[in-house]
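Trainee: give me coordinates for this.
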Amino acid sequence: MRVRIEHTTSFVYDEAIVEAYTELRLRPLDGAGQHCAAFRITTDPIGVRVRSFRDHLGNEIHHFDVLEPHDRLDVTATSEVLTPVSYVDTERLPGMLELHDYRSRTSYVPLSDEVRAFAAEHAGTGTEAERATRLSQAIHREFTYETGVTDVHTGADEVLAIRRGVCQDFAHMLLAACRCSGIACRYVSGYLYDPSLDGDNAASHAWVDVLDEARGWISLDPTHDREQTEAYVRVAVGRDYEDVPPTRGVFKGVAHETLAVRVVVTPG
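Mentor: As a prediction, the model looks like this:
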């Protein structure tokens with residue numbers, strides 16, 4: 001499937017700031033059947049010099065400085081991506097240090113007694129893929145998708161307590177349950193095209209890769225109770241959301257920042 005994404009982020013300040021440094025994780029990944037055919041970043045005002053580097057997990061990170069005083073900056077990332085019918089990645093298996101990271105607790109993924117009890121109740125026996133799929137199904141079945149009840153800092157233990165949240169919360173809950181079951185897994189950030197919507201067809205999405213000894217990496221979406229399909233566009237992977245935020249930055253000044261995001265995903 002060919003997909004076009006336009007992701008616009010507006011940084012607005014109630015008074016001028018200076019010396020702003022911003023990182024972007026918005027370029028779709030290449031590999032495992034996905035190919036980013038085109039990618040560009042534009043800014044308003046123009047003239048911002050954007051550079052890039054690749055982190056140790058294979059994510060491409062763009063970054064820029066704005067040293068002049070400003071009270072608004074719009075950044076638009078436009079991508080054209082070819083996606084595979086299904087996802088299975090056997091090309092790059094993790095090393096020992098990555099495996100340790102993908103099995104360990106983080107601030108978003110605490111391996112608490114409550115999460116362990118949930119995992120023990122639902123994982124069952126079988127391969128890593130079979131156990132992870134049952135955990136994903138249980139989250140989809142027992143948790144309610146609801147906006148406004150969590151925020152970007154909510155961890156899996158809080159999500160388990162209220163059993164509500166959004167895709168980021170469901171992904172963190174699945175990561176925690178899998179890691180409590182000894183299954184290596186990683187957070188995936190990206191986009192999901194939904195043809196049932198008009199105009200702004202999609203938004204940023206989050207799901208989970210699970211490492212199966214026989215199949216390699218497989219990709220599960222507990223929000224929609226399915227494996228990754230051609231409607232998904234992968235942008236970055238990490239231990240949790242902390243590794244893959246779409247934007248991150250600092251600036252000098254005392255202004256209050258307001259961040260607005262608009263994402264449009266259309267078939268190419």
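
Trainee: contacts, neighbours, all on C-alpha from now
Mentor: Will do.

Trainee: longest strand anywhere in the protein?
Mentor: In the chain, taking DSSP state E as the definition, the longest strand is strand 2-24.

Trainee: quick one: strands adjacent to the helix or strand just after that strand?
Mentor: Heading C-terminal from strand 2-24, the first helix or strand you meet, by DSSP states H and E, is strand 35-44. For strand 35-44, the paired strands and their directions (DSSP bridges) read strand 70-82 (antiparallel).

Trainee: tell me the strands beside the following helix or strand past the partner strand, with direction?
Mentor: Of the helices and strands lying after strand 70-82 in sequence (DSSP H and E), the nearest is strand 88-89. Applying DSSP bridges to the sheet, strand 88-89 is found paired with strand 216-221 (antiparallel).

Trainee: so where's the stretch 151-268 of the chain shaky on pLDDT?
Mentor: 197-202 (pLDDT under 70).

Trainee: try it again with 90
Mentor: Confidence mapping of the stretch 151-268 of the chain against pLDDT under 90 gives the ranges 194-204, 214-215, 253, 267-268.

Trainee: over to the stretch 1-150 of the chain?
Mentor: Using pLDDT under 90, the stretch 1-150 of the chain drops low at 45-47, 56, 88-98.

Trainee: again, only this time at 70
Mentor: 90-92.

Trainee: so residue 6 versus residue 137, what's the distance?
Mentor: 31 Å (C-alpha to C-alpha, to the nearest Å).

Trainee: which strands or helices does the helix or strand residue 205 falls within pack on?
Mentor: Assigned by DSSP H and E, residue 205 belongs to strand 204-212. Where contact means 3 or more C-alpha pairs under 8 Å, 6 or more residues apart in numbering; DSSP states H and E, strand 204-212 is packed against helix 128-142, helix 167-180, strand 185-192, strand 216-221.

Trainee: and residue 65, what is it in contact with?
Mentor: Residue 65 makes contacts with 19, 20, 21, 22, 48, 49, as judged by C-alpha atoms under 8 Å, 6 or more residues apart in numbering.

Trainee: hmm, back to that, tell me the angle the longest strand of the chain makes with strand 70-82.
Mentor: Orientation of strand 2-24 against strand 70-82 (axes from the mean of the first three to the mean of the last three C-alpha atoms, to 10 degrees) gives an angle of 140 degrees.

Trainee: just give the strands next to strand 2-24 in its sheet, each with its orientation.
Mentor: Partners of strand 2-24 in its sheet, by DSSP bridges: strand 60-66 (antiparallel), strand 70-82 (antiparallel), strand 247-252 (antiparallel), strand 257-267 (antiparallel).

Trainee: out of the helices and strands packed on strand 204-212, which gets nearest to residue 57?
Mentor: Minimum separation from residue 57 across those (C-alpha to C-alpha) falls at strand 185-192, 10.6 Å.

Trainee: what count of nearby residues applies to residue 20?
Mentor: Using other C-alpha atoms under 10 Å, residue 20 is surrounded by 17 other residues.

Trainee: mind listing what it touches?
Mentor: Per C-alpha under 8 Å, 6+ apart, neighbours of residue 20: 65, 66, 67, 249, 250, 251, 252.

Trainee: show me the two of those residues that sit farthest apart.
Mentor: Applying C-alpha to C-alpha across those, the maximum distance is between 67 and 249, 13.3 Å.

Trainee: sorry, back to before: possible to save the strands paired with strand 2-24 as CSV with distance to residue 185?
Mentor: Formatted as CSV, the strands paired with strand 2-24 follow (distance: least, C-alpha to C-alpha, whole Å):
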stretch, distance to residue 185
strand 60-66, 20
strand 70-82, 24
strand 247-252, 23
strand 257-267, 27
